[in-house]
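1. What follows is a predicted protein model with its sequence.
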Amino acid sequence: MPRLSYRKALTRALADEMTRDEAVFLLGEDIRVGASNVTPGLLKRFGPDRVLDTPLSEQAFTSFATGAALAGMRPVVEFQIPSLLFLVFEQIVNHAHKFPMMTGGQCAVPVTYLVPGSGSRTGWAGQHSDHPYSLFAHVGIVTVVPATPADAYGLLVSAIRHDDPVVVFAPAGALEVRDDVDFATLAPVPLGRGMVRRAGDDVTVVAVGHLVHDALAVAEELADQVSVEVFDPRTLYPFDIDALVDSVSRTGRLVVIDDSNRSCGIAAEIITSVLERVPLTAPPRRVTRPDGAVLPFSPALDRAVQPGRAALAAAIHHVTKDCP
Amino acid sequence: MTDADPARLYRTVRLIRRFEERAIALVRSGHIVGGIHPYLGQEGIAAGVCAALGDGDLVTGTHRGHGHVLAKGADPARMMAELCGRETGLNRGRGGSMHAADLSIGVLGANAIVGASPAILTGAVWAHRQRGNPVLGASFFGDGAVNEGMLLEAFNLAALWRVPVLLVCENNGYATTMPVAGAVAGTITGRAEAFGIPAVVVDGQDPEAVRQVTAAAVARMRDGGGPELVEARTYRFDAHHTFEHSVRLDYRPPQEVADGRSRDPVAIQGARLSPADRATIDAEVEATLDAAVAFALAGPEPDPAGALDHLYASGLTGRGGS
C-alpha cells in the first residue's frame, strides 16, 4: 500500500478540489514555489490565475479573499506561520465571519485558511510557534486540526466545500507523519465529527492534532497498567460533544492534552462540556502549555513548555491511580 | 445607472438629504436606537460617483454609509426599516445603520471598520472579472482611513493586479474629531501616487463635478486601466454621530461650520434645475420618504427566537448560551 505523508495529503486535497471546482483558487505568500512545501506543482498545473503569490500584505489579501468569496469564489489562503493569524484575526472574525449575519443572510463567505506548520517547530522561537486554534473556536469559526494524513486530506476537502469560513490548522508536529493509505479510499471527512482512535475502558484521553500520536504512544506504553481510550475530536468547533460523552460515559475519567495555553484554552471548554453532562469518577486533568506561554528559543526550554508524553502519563496516573 | 441627467442627480442628493433628516428625527423619537452617522453635506459624492457606475458595478461604503447605499439604488423604505431594526429591513434588522447592504444591486455593505472596505471590494471585483464578468467597483472611505495600513495594502494589491476599483476618499476634514492636518502626513493623493495610482482632487460639494471625474475614471478603467483615486473635498454639516449633540463635543469653529454649510450640494445641484422641476422632485422625494417611514415603522420586529438566524451560511448552529 502506498505511503501518504500528511503534507502530500494537503497538496492532493488542494489539487483535487481545484480540479473539481473552478471557483477554488489559492493565494498566499510564496505559494507558487511552495515554500511551505504544500503547494509545489500546483502553479504548473493550474496557472497563475489560480495560484496567486501575494505581497507581504496579510490583512489586505485576507480581506481580498473575503471579497472574492462574496463574489462566488472559494479561496484558500495559506499562512506560512501561525502567528500571522494574529495579524488577520480582525479580517477573519470581524468581516468574513460576521458578513452572513450582518447582511441578514444575503451572502456566504466560503474561505479556507490553511496553516501548515502550526505550533512549535523547534528553534522558531517566540513569534513563530503559537497554536491559536482556541481563539477561533471561541469566536465560532469552524476550526479543524487534523492528526493523520487521511484526515488532513478529508478535512481540508470538507473545509473548501463548506459555505462558511474554516481555519485548518496543520500542526508542525504532524506534517511528517506518513501512513499506509489506499488512495482510492481518500474521501471528505465530515466537519464536526470526532472519532475514537483507540478503544479503552479506564480513561478517555482527548488529544488535539499531533498530540493524538503522542496519546496513542502513551496508551501503548501504559497498556499493562491502564486501559486508555484516545479520542480525536478532529474539529474543535463545532465540537463532537456527543461522541465524547459516549466515551466518557463508559470510562468515567477524562484527560485532555492540548497544545494551546491553559487559561481559556480548548481543554477547559472540553472538560466543562463533558462535566455538564456526565459525572466523572475522578476530577479531570488537562495537559497544556502554561498560562500565557511564549515559546522560548532554546530547545530545552521549548520542550519544557510543550505538553508532552511524560506529563500526559502523569495525568493518566493521577486520574486512575490517585483517584481510584 | 450611468446618467448625466441633472434632474436625476438632484433627485439623488435630495433623497439622501431628506432621508438623513428623517433618520435623525427617528433617532430623537427613539425609533432608531444606537444612533446614526449623518451624511449631511456629503451627498454629492455618493450621488456623483454612483451616477457614473453601471448597474452591475459594485460598491462598498463606510459607517457613514446611508448615502452610498441609497445612491446605488437601494429601496429607501427597506433601508429605513433596517435602521429601525425591522424584519422588513434590507438586512432583516441584523445589520442596522452601519452594515446596511443590498448584494442584489452590488452594495457589498456599509462597513464599520475604518479602512476595511477597499481590500474586500478589490477581491470581489477581481473575482467577477476572473469569471468573465467585466464589473468595476467603487469603494468609499474617509480621510481617517488613509492612515490605516490595511487600506494602503489594498492600494498596492489593486495597483499590482490592475483591478479596476475607484478609491473614493471623502475628505470631510475630520476623523471623528481629529482634523486632517493633525493626522495626515503628506497628502491623500500622494498615498495613491506612491503606488502608481492616478489621483485627482475634486470638489465634493458639486455633484456634477464628482460625476464627471468619476465618468472619466470609469471610462479608463473599463478600457483596461487599473485603480484610480478620487479625493472629494467635502464638509460634514452635522455631527460625527447623533450622540454628539448629547455630549456637546466642541471641536469645529462656528465660522468654519457656517462656511462649510454655505456650499450645499443640494443647493448647488438644485440651481441647475428650474424652480418648478425642483419643486416636483422635492414633492416626489417627500412622498417616497413618507412612505418609507410608514413602511419602516409598520414592519414587524424580528422574532427573538431567530436572534442567531444567518449566523452561518452553511446552516451550522452552535449551542445556546444558557
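-> Thanks, I have the structure now.
2. out of everything not next to it in sequence, what's closest to the residue in the stretch 51-200 of chain A that chain B sits nearest to?
-> Residue of the stretch 51-200 of chain A nearest chain B, by CB to the nearest CB: A:Gly67 (2.8 Å). Just so you know, the C-beta spots here come from the backbone N, C-alpha and C atoms, and that holds for glycine as well. Excluding the flanking residues, the one nearest A:Gly67 by CB to CB, 6 or more residues apart in numbering or on different chains is B:Gly123, at 2.8 Å.
3. check which helix or strand covers that neighbour.
-> In this structure, B:Gly123 sits in helix B:117-130 according to DSSP states H and E.
4. other SSEs contacting that helix?
-> Helix B:117-130 sits against helix A:58-70, strand B:58-60, strand B:137-142, helix B:149-160, strand B:165-171, with contacts defined as 3 or more CB pairs under 8 Å, 6 or more residues apart in numbering or on different chains; DSSP states H and E.
5. Give me the next element, helix or strand, following the longest one.
-> Just to be clear, that refers to helix A:58-70. strand A:74-78.
6. where along chain B do the strands fall?
-> Assigned by DSSP state E, chain B shows strands spanning B:58-60, B:137-142, B:165-171, B:174-175, B:178-179, B:199-203, B:228-233.
7. possible to save the ones you listed as JSON lines with distance to chain A?
-> Below are the strands of chain B laid out as JSON lines (distance: least, CB to the nearest CB, whole Å):
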{"stretch": "strand B:58-60", "distance to chain A": "8"}
{"stretch": "strand B:137-142", "distance to chain A": "9"}
{"stretch": "strand B:165-171", "distance to chain A": "10"}
{"stretch": "strand B:174-175", "distance to chain A": "18"}
{"stretch": "strand B:178-179", "distance to chain A": "21"}
{"stretch": "strand B:199-203", "distance to chain A": "19"}
{"stretch": "strand B:228-233", "distance to chain A": "16"}
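8. okay if I get those as a markdown table plus distance to B:Ala185?
-> Output for these, formatted as a markdown table (distance: least, CB to CB, whole Å):
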| stretch | distance to B:Ala185 |
| --- | --- |
| strand B:58-60 | 26 |
| strand B:137-142 | 17 |
| strand B:165-171 | 15 |
| strand B:174-175 | 14 |
| strand B:178-179 | 13 |
| strand B:199-203 | 16 |
| strand B:228-233 | 15 |
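9. circling back: go ahead and confirm the residue of the stretch 51-200 of chain A closest to chain B touches B:Leu103.
-> No - if you go by CB atoms under 8 Å, A:Gly67 and B:Leu103 don't touch, sitting 11.9 Å apart.
10. Any idea what the nearest residue to B:Leu108 once chain neighbours are set aside is bridged to?
-> Excluding the flanking residues, the one nearest B:Leu108 by CB to CB, 6+ apart is B:Thr60, at 5.0 Å. Following DSSP bridges, B:Thr60 is listed with bridge partners B:Ser139.
11. and the gap between the residue nearest to A:Gly67 and A:Ser158?
-> Separation of B:Gly123 from A:Ser158 (CB to CB, to the nearest Å) stands at 23 Å.
12. ok, those two, which is more surrounded?
-> Neighbour tally, B:Gly123 and A:Ser158, criterion other CB atoms under 10 Å in any protein chain shown: the higher count belongs to B:Gly123, 34 against 24.
13. Which pLDDT value goes with that one?
-> B:Gly123 is assigned a predicted lDDT (pLDDT) of 98.
14. any idea how far it lies from B:Ala145?
-> Look at B:Gly123 and B:Ala145: by CB to CB, they are 17 Å apart.
15. circling back: per-residue confidence at the residue of the stretch 51-200 of chain A closest to chain B?
-> In this model, A:Gly67 is scored at 98, pLDDT.
16. re the thing from before, surely the residue nearest to A:Gly67 touches A:Thr62?
-> No - at 9.3 Å, B:Gly123 does not count as touching A:Thr62 under the criterion of CB under 8 Å.
17. tell me which parts of the stretch 201-322 of chain B are close to chain A?
-> B:Leu308, B:Asp309, B:His310, B:Leu311, B:Tyr312, B:Ala313, B:Ser314, B:Gly315, B:Leu316, B:Gly318 (CB under 8 Å from any CB of the partner chain).
18. So between A:Gly67 and B:Leu103, which is more surrounded?
-> Each of A:Gly67 and B:Leu103 has its neighbours counted (other CB under 10 Å); A:Gly67 has more, 32 against 17.
19. sorry, back to before: report the contact partners of the residue nearest to A:Gly67.
-> By CB atoms under 8 Å, 6 or more residues apart in numbering or on different chains, B:Gly123 lies in contact with A:Ser63, A:Phe64, A:Ala65, A:Thr66, A:Gly67, A:Ala68, A:Ala69, A:Leu70, A:Ala71, A:Pro75.
20. Need the phi and psi values for A:Asn261.
-> Dihedral pair for A:Asn261: phi -70, psi 160, per degrees, to the nearest 10.
21. Bridged to it, which residues?
-> A:Arg289.
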